[in-house]
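Enquirer: coords please:
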Amino acid sequence: MPVLKIYFSRLGKMTDLSNERILDRLPFLGLDIESVDAESVRIEYNPNRADFSTDYGIARALKGLVGSEVGLPIYQVADGPIKVEADANLSKVRPWIACAAVRDLKLDDETVRQLISMQEDLHNGIGRKRKKAAIGLHNLDAIKPPLSYRGMPGSFEFTPLGSTKKMTISEILGETDTGVAYGQILRGAPVYPVLYDSKDVVLSFPPIINGNATKVDAGTRNMFIDVTSIDERVGAEALAIICSALADAGGKIESVRVEYADSSRTTPDLSPQAMKFDEKLAARMTGLELTPAEMKDCLARSRLGLDGDGRALIPRYRVDIIHPVDLAEEVAIGYGLDRIEPLYPASKEPGRLARANSILDSVSESVAMAGFIETMGYDLVDADSLYQKFSRSGDSRIEVENPRTLEHHLLRDSILPSLMSTLARNVKAAYPQRVFEVGRVYTRAASGIDETPKLAAVVAHSSSSFSEAKMYLEALVREHLGRGIETRVAQHWAFADGRCAEVTVDGRAIGHVGEVKPSAVAAFGLELPVAGFEMDLSSFL
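Expert: Have a look, this model is predicted:
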């Protein structure tokens, strides 16, 4: 989780709140207080609240929570004269660029520090370590518009940020810290993206490094922002978050026209987003009995609006609100989480684990005692690990609507790919490696989506084999069901032909065991054979 250090003097000036009141209210915004001293507080925030990456965003939310400034913040964007021409040869490298100009800023050293910290937090969060989006902050007064965003060869030279001499792009990638850290993002690219002005002054070489000529410091009064991305939506969100913070810092936002080969965009877009507000859902999810007017007031304290058509108006910087349930949470936050009285259940019986959960825990314990390490994977996975790396058809895939990332957009129908990904992330750890997971998988059914509890386990070392995996599986079934297993040769998308078997108990198929096919082992970057099994645990329940 990202951590932000904020000073009471600044936050108190922005909110007109005492230090004690600030510390009292911060937790009810979902912020964890790490440490406090006489001058500052260190807070940890959830990356989905990217607007909390500066004290401006936190002050904005605090003022709503205490009722001193409520409702939807409105940000004005004036028409600006700056244009950026984007070259079509970047369409398969880093196609999108969103920009803004911010004038009449009065920066100090602390504001600059927070802007740089926000930039890196956005890089690591919604920017996915700069792969999806990368941000450049520049001194506008050092720039001569119009600007060009073009693809350049590795021999192109400019002076990178923090340097006093020109370097080629190839040298930057191989010799600078940021080049080494993020160069793999551009590996194999036919050209490299560069943003420069009409006098050939380089602003940035995204997503690697900015140019030195346009660096920002406390003396900067006018700023230019560029956000390059492989996902237009993510780039627009990052720009909106930055512009909202700079507007709160007193800056005047100006739009920038981006001209593509076949279209154009005017950025930034700071207009609020609309989402249907379901009052009944909010009441059911929060347990609060509120009138429509009271719910509207709660939303206002969360800095949201409500129009006459029953739609919630969401400020552009709130990129975390993606579902009506999120609006229900905002009602609870606006109401005051500390005001919600805890209700005890009517039953006087003590709580206990459900029988099914107790059995699944017992299965996990048995596998762990056999020398396996338990993992916990995501139910939402990516197509690459679930389908491409196993060369399996994607006909059965179950996609979720409006996924936030491509890494988590499919409901898994198997746990094996998650375990292979775990092995891939631990190739430098000692072998043998034995990992397992007890979890749910999802398949299509006539009535909708079936959820099935499954166990998958894999072993990886120089001599891992079908026989070893079958031994573990057989011991587990005998311990929990008191029966032996039967196997017969079968085919399975995860296992090598001739090294795979279907497993049955009393004539009922419960899973497969085998050696993972070599092509999949190689696709995950593993160099040792892998064997394993996956079984349906319904019989155990």
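
Enquirer: Based on its surroundings, how many neighbours for the residue nearest to residue 229 when sequence neighbours are not counted?
Expert: Among residues not flanking residue 229 along the chain, residue 235 sits closest, at 3.3 Å (CB to CB, 6 or more residues apart in numbering). From N, CA and C alone the C-beta is placed, and that goes for glycine too. Using other CB atoms under 10 Å, residue 235 has 28 other residues around it.

Enquirer: Which element, helix or strand, includes residue 235?
Expert: helix 232-248 (DSSP states H and E).

Enquirer: One more: residue 57?
Expert: helix 55-65.

Enquirer: Which helix or strand lies directly C-terminal to that helix?
Expert: According to DSSP H and E, the helix or strand after helix 55-65 is strand 77-78.

Enquirer: any idea how far residue 289 is from the residue nearest to residue 229?
Expert: 42 Å (CB to CB, to the nearest Å).

Enquirer: For stretch 527-541, measure first residue to last.
Expert: 37 Å (CA to CA, to the nearest Å).

Enquirer: Pull out the buried residues from it.
Expert: For stretch 527-541, the neighbour count (16 or more other CB atoms under 10 Å) marks 528-537, 540 as buried.

Enquirer: Kindly report the same for stretch 105-120.
Expert: Applying 16+ other CB under 10 Å to stretch 105-120 flags 105, 107, 111-112, 114-115, 117-119 as buried.

Enquirer: In helices, which of these fall?
Expert: The helices, defined by DSSP state H, take in 111-112, 114-115, 117-119 from the buried residues of stretch 105-120.

Enquirer: List just the nearest of those residues to residue 88.
Expert: Closest approach to residue 88 among those (CB to CB): residue 119, at 27.9 Å.

Enquirer: Could you list the buried residues of the host helix or strand of residue 180?
Expert: Using DSSP H and E, residue 180 maps to helix 177-182. Neighbour counts over helix 177-182 (16+ other CB under 10 Å) mark 178-179, 182 as buried.

Enquirer: Pipe those into CSV and attach distance to residue 524 and pLDDT per row.
Expert: Converted to CSV, these look like this (distance: CB to CB, whole Å; pLDDT from 0 to 100):
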residue, distance to residue 524, pLDDT
178, 28, 94
179, 27, 94
182, 23, 94
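
Enquirer: returning to that earlier point: pull the most distant pair out of the buried residues of stretch 105-120.
Expert: Maximum distance among the buried residues of stretch 105-120 (CB to CB): 16.9 Å, for 105 and 117.

Enquirer: Quick check: nearest residue in space to residue 469, chain neighbours excluded?
Expert: Closest to residue 469 by CB to CB, 6+ apart is residue 531, at 4.2 Å.

Enquirer: Please apply the same query to residue 18.
Expert: residue 12 (6.9 Å).

Enquirer: on contacts alone, who are the packing partners of the helix or strand harbouring the one you found?
Expert: Applying DSSP H and E as the criterion places residue 12 in helix 8-15. Where contact means 3 or more CB pairs under 8 Å, 6 or more residues apart in numbering; DSSP states H and E, helix 8-15 is packed against helix 19-25, helix 55-65.

Enquirer: buried sites along that helix?
Expert: So, applying 16+ other CB under 10 Å, buried residues of helix 8-15: 8, 10-11, 14-15.

Enquirer: ditto for stretch 240-250
Expert: 240-249.

Enquirer: quick check, nearest of the residues you listed to residue 172?
Expert: Nearest member of the buried residues of stretch 240-250 to residue 172, counting by CB to CB, is residue 242, at 24.3 Å.

Enquirer: and the closest one, what does it touch?
Expert: For residue 242, the contact set (CB atoms under 8 Å, 6 or more residues apart in numbering) comprises 100, 115, 118-119, 122, 135, 137, 225, 227.

Enquirer: same check, this time on residue 192
Expert: 93, 151-154, 156, 169, 186, 205.

Enquirer: And this structure, what are its domain boundaries?
Expert: The record assigns the chain these domain ranges, following automatic domain parsing: 3-65, 77-267, 273-339, 355-540.

Enquirer: Tell me where the stretch 251-400 of the chain has helices.
Expert: Under the criterion DSSP state H, counting those that start in this stretch, the stretch 251-400 of the chain carries helices at the ranges 279-286, 292-301, 324-335, 355-369, 383-386.

Enquirer: chain center to the last one, what's the gap?
Expert: When you say that, I think you mean helix 383-386. 18 Å (CA atoms, centre = their mean, to the nearest Å).

Enquirer: I'd like to know which elements that helix is packed against.
Expert: Going by 3+ CB pairs under 8 Å, 6+ apart, helix 383-386 lies up against helix 416-424.

Enquirer: Who are the packing partners of the helix it packs on?
Expert: helix 383-386, strand 433-445, strand 448-460, strand 530-536.

Enquirer: which residues sit against it?
Expert: So helix 416-424 is contacted by 375, 377-378, 381, 385-386, 389-390, 412, 433, 435-437, 456-458, 460, 494, 516, 520, 524-526, 530, 532, 534 (CB under 8 Å, 6+ apart).

Enquirer: Out of those, which end up buried?
Expert: 375, 377, 381, 385-386, 389-390, 412, 433, 435-437, 456-458, 460, 494, 516, 520, 524, 526, 530, 532, 534.

Enquirer: count of residues packed around residue 29?
Expert: Other residues close to residue 29 by other CB under 10 Å number 18.

Enquirer: what does residue 33 give?
Expert: Residue 33: 12 surrounding residues under other CB under 10 Å.

Enquirer: who's in contact with it?
Expert: So residue 33 contacts 23, 26-27, 41-43 (CB under 8 Å, 6+ apart).

Enquirer: Scan those residues and report the most crowded one.
Expert: Counting by other CB under 10 Å, top hit in the contacts of residue 33: residue 43 with 24 neighbours.

Enquirer: May I have the secondary structure class of that residue?
Expert: Put simply, residue 43 is strand when judged by DSSP: H, G, I helix; E, B strand; the rest coil.

Enquirer: Can you tell me, leaving aside adjacent residues, what's nearest to residue 377?
Expert: residue 418 (3.3 Å).

Enquirer: And for the one you found, the neighbour number?
Expert: Neighbours around residue 418, by other CB under 10 Å: 22.

Enquirer: State the pLDDT value of it.
Expert: Residue 418 carries a pLDDT value of 95.

Enquirer: OK, contacts around the nearest residue to residue 381 once chain neighbours are set aside?
Expert: Ranked by CB to CB, 6+ apart and with sequence neighbours excluded, the top spatial neighbour of residue 381 is residue 412, at 4.7 Å. Residues in contact with residue 412 (CB under 8 Å, 6+ apart) are 377-381, 386, 418, 441-442.

Enquirer: Need phi/psi at residue 412.
Expert: When read as degrees, to the nearest 10, the backbone of residue 412 gives phi -70, psi 140.

Enquirer: Assign residue 515 to helix, strand or coil.
Expert: Per three-state DSSP, residue 515 ends up strand.

Enquirer: So what's the residue count around it?
Expert: 22.

Enquirer: shouldn't it be in contact with residue 531?
Expert: Yes: the pair residue 515 / residue 531 is scored as a contact, 4.7 Å apart, by CB atoms under 8 Å.

Enquirer: joint contacts of those two?
Expert: Contacts common to residue 515 and residue 531, judged by CB under 8 Å, 6+ apart, are 464-466, 469.

Enquirer: From the residues you listed, keep the buried residues only.
Expert: If we count by 16+ other CB under 10 Å, the shared contacts of residue 515 and residue 531 have these buried: 464, 466, 469.

Enquirer: I figured the last one was touching residue 516, is that so?
Expert: No: the pair residue 469 and residue 516 does not pass the contact test of CB under 8 Å, sitting 9.6 Å apart.
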